[in-house]
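Novice: the sequence and its predicted three-dimensional model are supplied below.
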Amino acid sequence: MDKNSIFNPIKSDMETLKRHISIIQTLLREQPVGIIRIAQVTKIPEHKIRYSLRLLEKQGLIIPSREGAILTPEFVEQRESLAADARDIASELDSIYQTIKTTLQKR
């Protein structure tokens, strides 16, 4: 992707989102789990895991414990709405893609 692409901010956000999802998947399998273990499982650098854990904690999806991070009851309650949000975003991105594709084919 071109470094000046209009999609770079979205691509960066998608990378962060993928990292959050990898961390959540790890927590679903192994919670409580610490930063080092998450890094081993996901192959994500520890500093990026720390950042993601901070954001996920701020959003109320995880809480720290002595043994490591754990998912909150709120996360469990929000699972379906998170999936619906992901579906809506995917649909919107597909719509944007179709618009761009159609626009470029006209030229």
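Specialist: Perfect, thanks for sending it.

Novice: state the distance from K101 to K11.
Specialist: 18 Å (CB to CB, to the nearest Å). (Glycine included, C-beta is placed from N, CA and C.)

Novice: my bad, should have said L71
Specialist: From L71 to K11 the distance is 27 Å (CB to CB).

Novice: okay, the two: which has more neighbours?
Specialist: For L71 versus K11, the count of surrounding residues by other CB atoms under 10 Å is larger for L71: 17 against 11.

Novice: tell me the contacts of the more buried one?
Specialist: L71 makes contact with 24, 27-28, 31, 61-62, according to CB atoms under 8 Å, 6 or more residues apart in numbering.

Novice: now, which of those residues sits nearest V41?
Specialist: L27 (10.1 Å; CB to CB).

Novice: spatially, what comes nearest to that closest one if we skip its sequence neighbours?
Specialist: Leaving aside its chain neighbours, L27 sits nearest to L71 (5.2 Å; criterion: CB to CB, 6 or more residues apart in numbering).

Novice: list the buried residues for the helix or strand of the chain with the lowest mean pLDDT?
Specialist: Least confident helix or strand of the chain, by mean pLDDT, DSSP states H and E, is helix 73-105 with a mean of 89. By neighbour count on 16 or more other CB atoms under 10 Å, the buried set for helix 73-105 is 75, 78.

Novice: so what's the gap between it and the chain middle?
Specialist: 13 Å (CA atoms, centre = their mean, to the nearest Å).

Novice: going forward, the N-terminal residue is numbered 620.
Specialist: Sure, I'll start numbering at 620, so the last one becomes helix 692-724.

Novice: and that helix, what does it pack against?
Specialist: Using 3 or more CB pairs under 8 Å, 6 or more residues apart in numbering; DSSP states H and E, no helix or strand is in contact with helix 692-724.

Novice: repeat that for 10 Å
Specialist: The elements that helix 692-724 packs onto, with contact taken as 3 or more CB pairs under 10 Å, 6 or more residues apart in numbering; DSSP states H and E, are helix 627-649, strand 681-682.

Novice: partner strands of the shortest one, parallel or antiparallel?
Specialist: With DSSP bridges as the test, strand 681-682 is paired with strand 689-690 (antiparallel).

Novice: what sits against the residue positioned nearest the centre of the chain?
Specialist: The residue lying closest to the centre of the chain (CA atoms, centre = their mean) is L636, at 2.1 Å. L636 sits next to 671, 705, 708 when contact means CB atoms under 10 Å, 6 or more residues apart in numbering.
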